[in-house]
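[1] from the sequence below, what's the structure:
(chains A, B, C and D)
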Number of protein chains: 2
Amino acid sequence: MGDVAAAAGVSLKTVSRVVNGVGYVSAETLASVQAAIDQLGFRRNEFARQLRQGTAATIGLVLEDVADPFYSVLTRAVEDVALEQGYLLLSASSAEDPSRSRRIVESFSSRGADGIILAPARGTDPEFLRGEIAAGCSMVFVDRPVPGIPADTVLAENVGGAREGTAHLIAHGHHRIAFFGDQESVYTATERRTGYCEALEEAGLESDEAMMVLAAPREAPAELIDDVLEAADPPTAIVAGNNRWSVRLLRHLKERGQRPLPGFVGFDDFELGDVLDPGITVVAQDPATMGRLAAELLLRRVAGDEAPHEHIRLPTRLIVRGSGELPGPFAER
Amino acid sequence: MGDVAAAAGVSLKTVSRVVNGVGYVSAETLASVQAAIDQLGFRRNEFARQLRQGTAATIGLVLEDVADPFYSVLTRAVEDVALEQGYLLLSASSAEDPSRSRRIVESFSSRGADGIILAPARGTDPEFLRGEIAAGCSMVFVDRPVPGIPADTVLAENVGGAREGTAHLIAHGHHRIAFFGDQESVYTATERRTGYCEALEEAGLESDEAMMVLAAPREAPAELIDDVLEAADPPTAIVAGNNRWSVRLLRHLKERGQRPLPGFVGFDDFELGDVLDPGITVVAQDPATMGRLAAELLLRRVAGDEAPHEHIRLPTRLIVRGSGELPGPFAER
DNA sequence: GTGAAAGCGCTAACAC
DNA sequence: GTGTTAGCGCTTTCAC
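    Modelled structure (predicted):
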């Protein structure tokens, strides 16, 4: 910037005014400064600017795994909002590992993220998060909450959605329904299991531990699934607790050559769910809206909004495609 | 840092040594400085550090769309390499818009990205990219090249893969094969069409413009597809040029209630391709390896490696699942 | 082993 | 409208 000032024969501050388009500069001066800038290929040093202003106009996003379609759609929505408002986006996957998650949040925060959107991994230390917020890094939690932390939260209606999906199967004659969800430590897994249990209870059906699997869908051994499917009193329908489990189960059922396919409802929609035959009935979430809202909330905080924290529950939507309407044993009689 | 120095009764420089673990500090001094750091909750200001050092230990990633499973898997691989080596990752989707892409690259570069992994949108100005590289921002191109630019490149074996997939259909008796690929301006689309044409030629089959659609899979009207499927001499098999087209076509075929399904080979694998019935035969790419290699190449450049630029072609792999082995009319006779 | 001083490139505050 | 001064918080250089 000094070079430009020298070349244009003006002061440093005048160049700054031109570069930032702030304050009054005579047309004549502006032209000569502009010429010097172009000629020298000058570009403002953002590091210095950041140091001076104490902000990098950057936000962070920490999710379980960008490669999961739920999170990748959410990511895209956050990106779009950030870019629109002139912010850059730092992103990283926590792999559901609390220490990795913490390392990421710390480095984002210390490298100047003005705020972070976080899907907190199980076992993340709330005190640590509280400290980050106190240090000036706003947080918005998505997908899972961290109770007691002063931050906005955007969650899906997990209990209600799972209840609706399960009730749908019951309404189609199923009374023996299995549930496969993520590990017990994952917030959404237990929420959705709760919804599943509530639906059973409302219908006067007994819930049976042998019909519930809570395990990481990628790592759960095939036997775990077979144990449920081949139980003495086997299920006639399945509720999958997330899109990873839906895919895992559908693949497993195909490999078994299972005929007829049991009734099936998946929580969270997934690509090609509509192309399978029968189409897969799902309780759809809205990851794009979740991402957009989270980003908007965060940027509002970053801009200084002091309104009370919002805790949004996004509704789910039952999409009927066939697999949830297969007749259960009741209907067959 | 000044506060810490004052609290510990040492000089600023000593605190700096402790914080960075560089140089010799007596055990005693170290302990007292550490105590002061903990007590004051001191955290190094990265802005100042960046200004001084001229680097932010950050790389950028600019792809067409993170929500596309091909790119989201690639993104995850880049993330992992970056984190391993202590780099942060800025990411954004170009939406295949050259001006958006340029804006993103500029802001990444000026905010201190040491390098950028870029899937160049069609129409991106090569001179602009050359300028960025000259300004010290290394580049690695993934998925598509930018000829004449001094940068490493990691591409898939598009021509060979498409040729193999098409030849596979021909070997199963098809001699009337349609091709649906992305817009002509997309590098991979024309590459894959070339492979498709080569396979036809090698088999002595005539290529027919009426059997080739090059259009954005999301926006192509249904009539465009029907025109091909209902041509006077309709195809008995289809090659889809990317995963978006595979999904679009399979959905369209299901909606039409097309029976029997034509022979089908997709370029790029996609989730549930194996669960559909028949399973979808694909020419699989390896986005994780593409991302990992690109990140490793970039970080090597950032570290100062001056070796000649590498131009890697990742092999594709034909995965046979059923849809590509449906008999064509030859076999039916 | 430790410290003092200079300066990275910019912007905020206040003259002129 | 334009210029001068100070300083953001750190690292580098060199002296002790």
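
[2] all contacts plus neighbour counts: C-alpha atoms, from now on.
    Noted.

[3] residue A:141 belongs to a helix, doesn't it?
    No: looking at residue A:141 with DSSP: H, G, I helix; E, B strand; the rest coil, it is strand, so not inside a helix.

[4] so who does it touch?
    Counting by Cα atoms under 8 Å, 6 or more residues apart in numbering or on different chains, residue A:141 touches A:117, A:118, A:119, A:120, A:151, A:152, A:153, A:154, A:294.

[5] likewise for residue A:273?
    A:279, A:280, A:281.

[6] need those in CSV (columns: distance to chain B).
    What follows is those, written out as CSV (distance: Cα to the nearest Cα, whole Å):
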residue, distance to chain B
A:279, 10
A:280, 12
A:281, 15
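
[7] show me which of those residues are buried.
    With burial judged by 16 or more other Cα atoms under 10 Å in any protein chain shown, the buried subset of the contacts of residue A:273 is A:279, A:280, A:281.

[8] let me see the contact set for the closest residue to DNA strand D within the stretch 151-300 of chain A.
    Nearest to DNA strand D, among the residues of the stretch 151-300 of chain A, is residue A:299, at 22.7 Å (Cα to the nearest atom of the strand). For residue A:299, the contact set (Cα under 8 Å, 6+ apart) comprises residue A:115.

[9] what about it, which helix or strand?
    helix A:287-302 (DSSP states H and E).

[10] which parts of that helix are buried?
    Quick answer for helix A:287-302 (16+ other Cα under 10 Å): A:287-299, A:301-302.

[11] out of those residues, who's nearest residue A:136?
    residue A:302 (9.1 Å; Cα to Cα).

[12] so that closest one sits against residue A:114, correct?
    Yes: the criterion here is Cα atoms under 8 Å, and residue A:302 meets it with residue A:114 at 6.3 Å.

[13] what is in contact with these two at once?
    With Cα under 8 Å, 6+ apart as the test, residue A:302 and residue A:114 both reach residue A:138.

[14] correct me if wrong: residue A:17 contacts residue A:23.
    Yes: the criterion here is Cα under 8 Å, and residue A:17 meets it with residue A:23 at 6.1 Å.

[15] okay, these two: which has more neighbours?
    Shown here are residue A:17 and residue A:23; by other Cα atoms under 10 Å in any protein chain shown, residue A:17 has more neighbours (14 against 9).

[16] from DNA strand C, how far off is the residue of the stretch 201-333 of chain A found nearest DNA strand D?
    Across the stretch 201-333 of chain A, the shortest distance to DNA strand D (Cα to the nearest atom of the strand) belongs to residue A:302, at 18.4 Å. For residue A:302, the distance to DNA strand C (Cα to the nearest atom of the strand, to the nearest Å) stands at 16 Å.

[17] burial measure for the residue of the stretch 201-333 of chain A found nearest DNA strand C, as a count.
    Residue nearest to DNA strand C within the stretch 201-333 of chain A: residue A:303 (14.8 Å; Cα to the nearest atom of the strand). Other residues near residue A:303 number 10, with proximity taken as other Cα under 10 Å.

[18] quick check: phi and psi at it.
    Geometry field for residue A:303 lists phi and psi as phi -80, psi 0, criterion degrees, to the nearest 10.

[19] the residue most central in space within chain A: which element?
    Of all residues in chain A, the one closest to the mean position by Cα atoms, centre = their mean is residue A:71, 4.7 Å from it. Using DSSP H and E, residue A:71 sits in helix A:69-84.

[20] got a list of what residue A:37 touches?
    By Cα under 8 Å, 6+ apart, the contact list for residue A:37 reads A:4, A:43.

[21] correct me, but the residue nearest to the centre of chain A touches residue A:62?
    No: the criterion here is Cα under 8 Å, and residue A:71 misses it with residue A:62 at 9.9 Å.

[22] checking residue A:113 next. Helix, strand or coil?
    Under three-state DSSP, residue A:113 falls in the coil class.

[23] before we move on, back to that, so which of the contacts of residue A:141 sit within helices?
    Counting by DSSP state H, these place residue A:294 in helices.

[24] of the contacts of residue A:141, just say which sits nearest to DNA strand C.
    Once Cα to the nearest atom of the strand is applied, the member of the contacts of residue A:141 that ends up nearest DNA strand C is residue A:117, at 26.2 Å.

[25] okay, and the beta partners of the closest one?
    residue A:61, residue A:140 (DSSP bridges).
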